[in-house]
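In: sequence first, predicted model second:
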There are 2 protein chains.
Amino acid sequence: MQPARDGTSRTGSGAPTIYDVARAAGVSIASVSRVLNEARNTRPETRDKVIHAVAELGFAPDGAARALSGRLKEVVGVIERRPFPVGPGIDEDDAFADEAESLQFHDMINRGIEMAAQGRGFDILIRSVDVNDHDAGYRTLALARKSDGLILHDRLVDPEPLRKLAAQVPIVTLAGVATPETVNVSGDNASGMRALARHLLDDHGYRSIGYVGGYADSPDSLARHQTLAAEAAASGADFCSGPNWKGNYYAAGGALVVDRLMASGITMPRAIACANDQTALGVMNGLRRHGIDVPSRVAVTGFDDIAMARHLRCQLTTVRQPIRDLGATAFEVLYSMINGDEPAERDIVLPTRLVVRESCGCGMGA
Amino acid sequence: MQPARDGTSRTGSGAPTIYDVARAAGVSIASVSRVLNEARNTRPETRDKVIHAVAELGFAPDGAARALSGRLKEVVGVIERRPFPVGPGIDEDDAFADEAESLQFHDMINRGIEMAAQGRGFDILIRSVDVNDHDAGYRTLALARKSDGLILHDRLVDPEPLRKLAAQVPIVTLAGVATPETVNVSGDNASGMRALARHLLDDHGYRSIGYVGGYADSPDSLARHQTLAAEAAASGADFCSGPNWKGNYYAAGGALVVDRLMASGITMPRAIACANDQTALGVMNGLRRHGIDVPSRVAVTGFDDIAMARHLRCQLTTVRQPIRDLGATAFEVLYSMINGDEPAERDIVLPTRLVVRESCGCGMGA
DNA sequence: CTGAAAGCGCTTACAG
DNA sequence: CTGAAAGCGCTTACAG
């Protein structure tokens, strides 16, 4: 039984409903829905009346109602990490205060996701979670239930919860690890780091090298670490690592590593490769604060090639990741999964490329 | 009439419904809903059974269904500008290729919005629109219908469509202009620019000054322009402006302005204030390419104080905006509007502050 | 305290 | 080609 409709919308919100349109056009709601969705099987006259009423009222279907009646939500959830709690306690004059909130790599990736999503009529629902958010599990599920599928940055969800989640919605991870239930998309860490290592070890002939890592559990960082260590070993160069070398993908973390190393009295290696560009930035600043010149005394390199890399005092030698493509690829794979396709490949690796600038020591003589 | 329920979920998607939970717990769906929402008015025993079943099944209510039955969607839409079409045509070795896609100010603001949203259980639905997207009107409406309210960066929607949109959902603009139907949140452009102008004109004694703008219709840029022009006039200094001085908030735009000015044979002013930090970056690089040293021959300043500002070759003197607070404030106001409150203030202005570094010419003797 | 039922605003077979 | 009706998965008065 159709509810009585007075002149106004049912909801107080002021947005017209399909009933308003139907009444204005003098047709049934089914006809309105048809011209809006199928376009065919409607008499031109009916069609015109509906189109007109829709324009007149400024109608667009409610997303929730549409989704509930069998359609997609046309939303993908994106969850990223927000490691540093920020608040009034933070000193805004600290050189890295703001940077903590701007992991540019993530922002760029999200842009890639969003642009691909737009091509399919999707929007992206973003949430960042604190590393020590104990309620993360539930909040993640809640986000999943507002979306058609989920894209997870790195290793936000533990394997077991991830498995359960994947049973409910399609999931793609970025810079994580592929599982039987999920697809992963990442840059080619091994070949990128190998090219970088060879440049440092062979071209420059550095005989000692260190690696400042990202989050302890980051698959990206682990892969880069392993490759670098292997290349150093193959060249017979010294490789420095250990607890003092753990960073967190942020400049502040990189600077901290330098402070710790200096305090420990260690001899700095000739070159330091960092887990990402932002870490490299912090390491360079940290070294300079201790009076150590980059790159003449210590060479420093990054990973990612974010925009900032070429605008630093000392332009950063780094490994370029196809950041935008990483995001776009993640979306496209997820989109096909949402449409019921079985992914052909569960571990998608996109190529990376060494970008030589100044911080490795190149161009010093120029 | 309740539909027959077999052992599996109705939807193919694998996500359990409230019916699944009710069956598992041996109660009605009403009871499940009650313990999930009200918490009170349920016998402890019932409550336990439900809690248990929910945990067992990994249930969370479907966002669409929840929203449709009178609740909020707990989603706010955020629309930002994406001015540069990017695609295969772009040269990735261009110094500003990527930067075009990373307007860091927006990313930081969005982070502020998102963090405030999280405190209220909301997520943010992000969409960027192309300046020359003719279908923008409809897509904006569509986003609105997936959300409880909208936050619009700068002046994305024309006044008339904006009025119509505001009749359907609450709207807050960021760095736009307040209207009778919408609330605007922005930084204090006038006082920030005034402080900067005085520093340049009085402290440094520069007698000629130019302004490189942002988007032509950006209220922020307009306000900064006017204040600077007024201060220059008050000091009797020359003020340069005109069509050659139009930028677009991106580094590439700033560099282009410099090229145009050089080509036009104009004498560079002693100081150039830019619409934002990214523009300043481009201007500095452009000047250097033309052999003009910054700041000894031409001083350059920015606006915003994004993280990059202090990591440039020549640290940027700029006006700090409370970027995160801008976003958080926009959300909080929108949130109260969503809850039916009439906003107390339609034009919210947050304080800004001059940050003196090197690019203005300070510290050159040090 | 709890269940049966109505209703949210759509879409889509199902009849005509 | 078009309308009446069922159903999507919830929440919330309404009775008990």
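Out: Ah, there it is. Residues are numbered from 1 along each chain as shown, chains lettered A, B, ... in the order given.
In: can you get me a residue count around the residue of the stretch 101-250 of chain A found nearest chain B?
Out: For the stretch 101-250 of chain A, the residue closest to chain B is A:Lys146, as judged by Cβ to the nearest Cβ, at 3.6 Å. Quick note: C-beta positions are derived from backbone N, CA and C, even for glycine. By other Cβ atoms under 10 Å in any protein chain shown, the residues close to A:Lys146 number 25.
In: all strands of chain A, in order?
Out: Taking DSSP state E as the test, the strands found in chain A are A:75-82, A:123-130, A:149-153, A:171-174, A:183-187, A:208-212, A:238-240, A:271-274, A:299-301, A:318-320, A:347-350, A:353-355.
In: what is the last one packed up against?
Out: With contacts defined as 3 or more Cβ pairs under 8 Å, 6 or more residues apart in numbering or on different chains; DSSP states H and E, the packing partners of strand A:353-355 are helix A:189-198, strand A:318-320.
In: quick one: the residue in the stretch 101-250 of chain A positioned nearest to DNA strand D from B:Lys73, how far?
Out: In the stretch 101-250 of chain A, the residue that lies nearest DNA strand D is A:Arg145 (7.4 Å; Cβ to the nearest atom of the strand). Distance from A:Arg145 to B:Lys73, counting by Cβ to Cβ, to the nearest Å: 12 Å.
In: what does A:Pro44 give?
Out: 36 Å.
In: same check on A:Ala117?
Out: In terms of Cβ to Cβ, A:Ala117 sits 18 Å off from B:Lys73.
In: pull the distance from stretch A:231-245 to the chain's centre.
Out: Here the centre of stretch A:231-245 is set off from its chain's centre by 29 Å, with Cα atoms, centre = their mean, to the nearest Å.
In: same check on stretch A:148-163?
Out: Worked out by Cα atoms, centre = their mean, stretch A:148-163 lies 13 Å from the chain centre.
In: check stretch A:227-240 too.
Out: With Cα atoms, centre = their mean, you get 30 Å for stretch A:227-240.
In: same question for stretch A:341-350.
Out: From the chain centre to the centre of stretch A:341-350 is a distance of 18 Å (Cα atoms, centre = their mean).
In: check the separation of the first and last residues in it.
Out: Using Cα to Cα, to the nearest Å, one end of stretch A:341-350 lies 21 Å from the other.
In: any idea of the mean pLDDT for that stretch?
Out: In this model, stretch A:341-350 carries a mean pLDDT of 94.
In: please see if it touches chain B.
Out: No - using Cβ under 8 Å from any Cβ of the partner chain, we find that stretch A:341-350 stays clear of chain B, coming within 13.8 Å at best.
In: also stretch A:159-179?
Out: Yes - if you take Cβ under 8 Å from any Cβ as the test, stretch A:159-179 does meet chain B, through A:Lys164, A:Leu165, A:Ala167, A:Gln168, A:Val169.
In: what number of residues lie near A:Pro159?
Out: So A:Pro159, with other Cβ under 10 Å, has 11 neighbours.
In: measure it to A:Leu222 for me?
Out: A:Pro159 sits at a distance of 15 Å from A:Leu222 (criterion: Cβ to Cβ).
In: now the strands of chain A as a markdown table including distance to B:Glu56 and mean neighbour count?
Out: What follows is those, written out as a markdown table (distance: least, Cβ to Cβ, whole Å; neighbours: other Cβ atoms under 10 Å in any protein chain shown):
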| stretch | distance to B:Glu56 | mean neighbour count |
| --- | --- | --- |
| strand A:75-82 | 23 | 24 |
| strand A:123-130 | 24 | 23 |
| strand A:149-153 | 22 | 25 |
| strand A:171-174 | 21 | 26 |
| strand A:183-187 | 27 | 25 |
| strand A:208-212 | 44 | 25 |
| strand A:238-240 | 48 | 17 |
| strand A:271-274 | 45 | 30 |
| strand A:299-301 | 50 | 28 |
| strand A:318-320 | 46 | 25 |
| strand A:347-350 | 32 | 14 |
| strand A:353-355 | 49 | 19 |
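In: let's have these in JSON lines, adding distance to B:Thr352.
Out: Putting the strands of chain A into JSON lines (distance: least, Cβ to Cβ, whole Å) gives the following:
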{"stretch": "strand A:75-82", "distance to B:Thr352": "25"}
{"stretch": "strand A:123-130", "distance to B:Thr352": "26"}
{"stretch": "strand A:149-153", "distance to B:Thr352": "32"}
{"stretch": "strand A:171-174", "distance to B:Thr352": "35"}
{"stretch": "strand A:183-187", "distance to B:Thr352": "38"}
{"stretch": "strand A:208-212", "distance to B:Thr352": "35"}
{"stretch": "strand A:238-240", "distance to B:Thr352": "44"}
{"stretch": "strand A:271-274", "distance to B:Thr352": "33"}
{"stretch": "strand A:299-301", "distance to B:Thr352": "34"}
{"stretch": "strand A:318-320", "distance to B:Thr352": "33"}
{"stretch": "strand A:347-350", "distance to B:Thr352": "41"}
{"stretch": "strand A:353-355", "distance to B:Thr352": "36"}
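In: how about those in TSV, adding distance to DNA strand D?
Out: Listed next are these as TSV, based on distance: least, Cβ to the nearest atom of the strand, whole Å:
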stretch	distance to DNA strand D
strand A:75-82	16
strand A:123-130	18
strand A:149-153	17
strand A:171-174	19
strand A:183-187	25
strand A:208-212	46
strand A:238-240	53
strand A:271-274	45
strand A:299-301	49
strand A:318-320	44
strand A:347-350	31
strand A:353-355	46
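In: can you list the low-confidence ranges for chain A?
Out: A:1-13, A:39, A:83-103, A:131-135, A:364-366 (pLDDT under 70).
In: got the domain ranges for chain A?
Out: Domain assignment for chain A by automatic domain parsing gives A:18-71, A:75-187+A:323-350, A:189-322.
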